[in-house]
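Undergrad: the sequence and its predicted three-dimensional model are supplied below.
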2 protein chains.
Amino acid sequence: MQDILFDFISKYVSLTEDEKNAIVSLDIFRSVKKGTTLLKKGQKSNDSYFVLKGCIRTYYVIDEEEKTTAFYTEMEALTPPCVISKTPSEYYISCIEDSILLVSNSDMEEEINSKFPKFEIMCKVLSEELLAKQQIDFDAFKTSSPEQRYLNLLQKRPDLIQRVPQHQLASYLGIKPQSLSRLRARILEKKS
Amino acid sequence: MQDILFDFISKYVSLTEDEKNAIVSLDIFRSVKKGTTLLKKGQKSNDSYFVLKGCIRTYYVIDEEEKTTAFYTEMEALTPPCVISKTPSEYYISCIEDSILLVSNSDMEEEINSKFPKFEIMCKVLSEELLAKQQIDFDAFKTSSPEQRYLNLLQKRPDLIQRVPQHQLASYLGIKPQSLSRLRARILEKKS
DNA sequence: CGTATTTCTTAACTTAAGTGAACGAGTTAT
DNA sequence: ATAACTCGTTCACTTAAGTTAAGAAATACG
């Protein structure tokens, strides 16, 4: 399971056995059951997550309705904005499959960073990459219709459509569950 | 004019006179006339921008139509995704007011970074902050209707509504110019 | 200065998403 | 086993955005 982590890291920097051991000894792997809430609105937190296996989602509650804004699956990392801004969280994070996560807090990161400067470099590269990626995703969302967004998702992350409940997918696409059903029916009709 | 830059930097790290001089001597301030295209689709570039005065926008051309995805005004920085991924740009950048920009390329940044490690730290903090900010903006976009987005913009960046052409604003909100006109009329009606 | 062009608004009509309700299938709890 | 829920779909109706077209207002330019 740790291999997934080191596979990921090796894309950015190469680690010695010592360094790997130092990371493992931090003991930050955590098993989480489906349905667990990792963070609630209003809470403060210093935790960042990296998904080794499973899927977590972030959502807001607006007018008593859940609005899902993101899904994180294998090899994806999430540092909630509230960790950066040191303010109470605006949203919830919950686990939608039994998952294995890496949970790290700011202190640990500082410790690792000071021991292994490589890490600092990796973090910088990573956040720049994520920023660029998010910009592209945001642009794609803005410039397309719900139907195009769905077709795009079907291309880019077909697994999500299988493993995630429809009503969560719908709000991720910016529409209601009924509209997603209809939209899918429309697409099927067009094909035939 | 340089003061704006140093005001901005001072939020993150404090600079000595020597350091300030080193930056000024890079000679990266650039005056740009309204209408100038800074980057075209398909071009490669290493340039990042920081707006000292004026306004620039990024836009895609999809089906022969411009889709504006972002505006950058005073004290805002833009590193296009193509600079990070080292691939040809997917979008255009153009200047919508006579502006004064700071244009830096990767080489310069490396030079500055190696001379003044402070800078590296600032860049890391900056990109983490930007990432968190973008996440929040993206979430707000996904979870609201065009009308709510407009009202939100009116709160957060009222200047934009004054200084930017309506049809660019409309596509920034994810709708057509006609819909923006209608939506504004609707809001006025409600108020009365 | 006047003409051309761009920009913004309005209107009528079409299309797609929101809303409220109902139904069946599958799940959970008791 | 059955009642209570959740989830996805469908339907009829409402509301808002897309589309096409036209005209007014502002801007650019020769």
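TA: Noted; the coordinates are in hand.

Undergrad: can I get the worst-scoring helix or strand of chain A on mean pLDDT in CSV? Just the C-alpha atoms.
TA: Between all helices and strands in chain A, the lowest mean by mean pLDDT, DSSP states H and E belongs to helix A:106-115, at a mean of 86. This file holds the C-alpha atoms of helix A:106-115, laid out as CSV (Å, rounded to 0.1, in the frame of the first residue of the first chain):
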residue,chain,number,x,y,z
SER,A,106,1.3,21.0,9.1
ASP,A,107,3.6,20.1,12.0
MET,A,108,4.6,16.8,10.4
GLU,A,109,5.2,18.5,7.1
GLU,A,110,7.5,21.0,8.8
GLU,A,111,9.4,18.2,10.5
ILE,A,112,9.9,16.3,7.2
ASN,A,113,10.6,19.5,5.3
SER,A,114,13.4,20.5,7.7
LYS,A,115,14.9,17.0,7.7
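
Undergrad: report all helices and strands that it contacts.
TA: helix A:17-24, helix A:117-142 (3 or more CB pairs under 8 Å, 6 or more residues apart in numbering or on different chains; DSSP states H and E). All C-beta atoms are positioned from the backbone trio N, CA, C, and that covers glycine.

Undergrad: is it possible to get JSON lines of these that adds mean pLDDT, mean neighbour count and distance to chain B?
TA: Below are the helices and strands packed on helix A:106-115 laid out as JSON lines (pLDDT from 0 to 100; neighbours: other CB atoms under 10 Å in any protein chain shown; distance: least, CB to the nearest CB, whole Å):
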{"stretch": "helix A:17-24", "mean pLDDT": "88", "mean neighbour count": "14", "distance to chain B": "20"}
{"stretch": "helix A:117-142", "mean pLDDT": "91", "mean neighbour count": "18", "distance to chain B": "4"}
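
Undergrad: quick one: closest of these to DNA strand D.
TA: DNA strand D lies closest to helix A:117-142 among these, at 10.7 Å (CB to the nearest atom of the strand).

Undergrad: list the helices and strands the closest one packs on?
TA: Short answer (3+ CB pairs under 8 Å, 6+ apart): helix A:117-142 packs on helix A:106-115, helix A:146-156, strand B:65-72, helix B:81-85, helix B:117-142.

Undergrad: what angle do it and helix A:106-115 make?
TA: Angle of helix A:117-142 versus helix A:106-115, following axes from the mean of the first three to the mean of the last three CA atoms, to 10 degrees, is 130 degrees.

Undergrad: now helix A:117-142, how far from the centre of its chain.
TA: In terms of CA atoms, centre = their mean, to the nearest Å, the centre of helix A:117-142 is found 13 Å from the chain centre.

Undergrad: which residues touch the residue nearest to A:Thr69 when sequence neighbours are not counted?
TA: Among residues not flanking A:Thr69 along the chain, B:Asp139 sits closest, at 4.5 Å (CB to CB, 6 or more residues apart in numbering or on different chains). When contacts are counted by CB atoms under 8 Å, 6 or more residues apart in numbering or on different chains, B:Asp139 touches A:Thr58, A:Tyr60, A:Thr69, A:Ala70, A:Glu90, A:Tyr91.

Undergrad: can you rerun that using 10 Å?
TA: A:Thr58, A:Tyr59, A:Tyr60, A:Lys67, A:Thr68, A:Thr69, A:Ala70, A:Pro81, A:Glu90, A:Tyr91 (CB atoms under 10 Å, 6 or more residues apart in numbering or on different chains).

Undergrad: any chance of those in TSV, plus pLDDT, distance to A:Leu173 and neighbour count?
TA: Putting the contacts of B:Asp139 into TSV (pLDDT from 0 to 100; distance: CB to CB, whole Å; neighbours: other CB atoms under 10 Å in any protein chain shown) gives the following:
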residue	pLDDT	distance to A:Leu173	neighbour count
A:Thr58	97	15	24
A:Tyr59	96	14	22
A:Tyr60	96	15	18
A:Lys67	96	11	19
A:Thr68	96	9	25
A:Thr69	97	11	20
A:Ala70	97	12	19
A:Pro81	97	22	20
A:Glu90	96	21	17
A:Tyr91	96	18	24
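
Undergrad: if we can go back for a sec, from B:Asp27, how far off is the residue nearest to A:Thr69?
TA: Plainly put, B:Asp139 is 40 Å away from B:Asp27 if you go by CB to CB, to the nearest Å.

Undergrad: ditto for A:Ile9
TA: Going from A:Ile9 to B:Asp27 by CB to CB gives 39 Å.

Undergrad: ok, those two, which is more surrounded?
TA: Shown here are A:Ile9 and B:Asp27; by other CB atoms under 10 Å in any protein chain shown, A:Ile9 has more neighbours (19 against 8).

Undergrad: any idea which element that one lies in?
TA: Assigned by DSSP states H and E, A:Ile9 belongs to helix A:2-10.

Undergrad: buried residues of that helix, list them for me.
TA: Neighbour counts over helix A:2-10 (16 or more other CB atoms under 10 Å in any protein chain shown) mark A:Ile4, A:Leu5, A:Phe8, A:Ile9 as buried.

Undergrad: quick check: the second one touching A:Lys11?
TA: What it means is A:Leu5. No. In this structure A:Leu5 lies outside contact range of A:Lys11 using CB atoms under 10 Å: 11.3 Å.

Undergrad: work out the gap between stretch A:25-38 and the centre of the chain.
TA: 14 Å.

Undergrad: tell me what the residue nearest to the spatial centre of chain A is bridged to.
TA: Central residue check for chain A by CA atoms, centre = their mean: the C-alpha nearest the mean position is that of A:Tyr72, 2.7 Å away. Beta-bridge pairing for A:Tyr72 (DSSP bridges): A:Ile56.

Undergrad: out of the helices and strands packed on helix A:106-115, nearest to DNA strand C?
TA: Using CB to the nearest atom of the strand, the nearest of the helices and strands packed on helix A:106-115 to DNA strand C is helix A:117-142, at 13.2 Å.

Undergrad: is the closest one positioned near DNA strand D?
TA: No. Helix A:117-142 lies out of reach of DNA strand D by CB under 7 Å from any atom of the strand, never closer than 10.7 Å.

Undergrad: so that helix versus strand B:65-72, what angle?
TA: Inter-element angle recorded for helix A:117-142 and strand B:65-72: 140 degrees (by the same axes, to 10 degrees).
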